[in-house]
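Trainee: predicted model and sequence below, questions to follow.
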Amino acid sequence: MDFIEIDKNKCNQDGLCVTVCPSRLFEYQKDIPPTTVKDIESMCIRCGHCVAVCPTGALKHRSLDIHRFETVEEEFRLSTEQCDAFFKGRRSIRAYKDKPVSQEKIARLIDIARYSPTARNSQGVRWLAVTDRAEIKRYSGLVIDFFRVVLNEGVPGINPNPHLSKLISDYDAGTDVILREAPALIITYGDKENRLAQNDCVIALANLELITSALGMGGCWAGFFMTAAANYEPLKEALALPERQQAFGALMIGYPRFRYQLIPIRKEPKIIWR
């Protein structure tokens, strides 16, 4: 078959595929089915929008089996009120129950989050899921080691502020202030040479963090960990990511030890209208 085929008998000439295609690979003429431009295979990003938008199923895409497309379930679309309650109700969770997070739960979170948007539909986000508590503790210790280096020797671009001393003293006293004794750590990583990989990884992990509440869990972004992961070779070696790959986001997850009763106050948004 051709790379994209349009069934003339099914096509109703509504031009929807022409409108939604981000790469402008279709040409529209009134009263006849759309045609495709030259070199379509090399320019197509395989996003599937043309197939997904067609109400008559007239398009066939060689790289995208229409039988694997799922139907949009209209009854599950969120209302404005539900979205408002959902976003206001989420909290960054830093206190976890001593309860493991199963690989099945993490796999489910990632399976949903993989539908997050990526630049040019690259789908280049990769995942590292750590549930070994000893390994997570080792990572925390390496972050503290990095902060000792920052204070004692200095690291370009890292401010050796007094807060680091407090983090180190708390950790030495037995409190994991880095990864909070979380039962699981999820890291997104991607091609370090791809200037858009960081955005893709952060978007995917942000969506995953929101999904955790649906499974009775919560999460918190591991900022201290990420600072060290970007600057400290021993931690990079411990992560053992594939060659030319870099960590771009890290999230602690687990089952919240406490339930929040109120929604904290937030600043009013600052908006420039034009």
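Mentor: It's in.
Trainee: CA only for contacts and neighbour counts going forward, please
Mentor: OK.
Trainee: least trustworthy helix or strand in the protein by mean pLDDT?
Mentor: The weakest-scoring helix or strand in the chain, judged by mean pLDDT, DSSP states H and E, is strand 26-29 (a mean of 91).
Trainee: buried residues in the next helix or strand after that one?
Mentor: Moving toward the C-terminus from strand 26-29, the next helix or strand (DSSP states H and E) is strand 32-36. Buried residues in strand 32-36, counted by 16 or more other C-alpha atoms under 10 Å: Pro33, Pro34, Thr36.
Trainee: where do the helices sit along the protein?
Mentor: Using DSSP state H, the helices found in the chain span residues 16-20, 40-43, 49-53, 80-89, 103-113, 133-152, 162-172, 197-211, 223-231, 233-239.
Trainee: of those helices, flag the one that's most buried.
Mentor: When the helices of the chain are scored by mean count of other C-alpha atoms under 10 Å, the highest mean neighbour count falls to helix 197-211 (a mean of 21).
Trainee: show residues contacting it.
Mentor: Contacts with helix 197-211, where a contact means C-alpha atoms under 8 Å, 6 or more residues apart in numbering, come from 90, 109-110, 112-114, 116-119, 124-126, 188-191, 218-220, 248-251.
Trainee: quick one: residues in contact with stretch 231-239.
Mentor: If you take C-alpha under 8 Å, 6+ apart as the criterion, stretch 231-239 is touched by Tyr139, Leu142, Val143, Phe146, Ala228, Ala229, Ala230.
Trainee: CSV for these, including pLDDT and distance to Cys50?
Mentor: As requested, the contacts of stretch 231-239 are arranged in CSV below (pLDDT from 0 to 100; distance: C-alpha to C-alpha, whole Å):
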residue, pLDDT, distance to Cys50
Tyr139, 98, 45
Leu142, 98, 48
Val143, 98, 47
Phe146, 97, 49
Ala228, 97, 43
Ala229, 98, 40
Ala230, 96, 39
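Trainee: out of those, who's nearest Thr212?
Mentor: When the contacts of stretch 231-239 are ranked by distance to Thr212 (C-alpha to C-alpha), Tyr139 comes first, at 22.4 Å.
Trainee: distance check, the closest one against Glu237.
Mentor: Separation of Tyr139 from Glu237 (C-alpha to C-alpha, to the nearest Å): 11 Å.
Trainee: swap in Leu205?
Mentor: Separation of Leu205 from Glu237 (C-alpha to C-alpha): 22 Å.
Trainee: and what of Ala107?
Mentor: Ala107 is 25 Å from Glu237, by C-alpha to C-alpha.
Trainee: mind giving me the domain ranges of the chain?
Mentor: The chain is divided into the following domains under automatic domain parsing: 4-68, 89-254.
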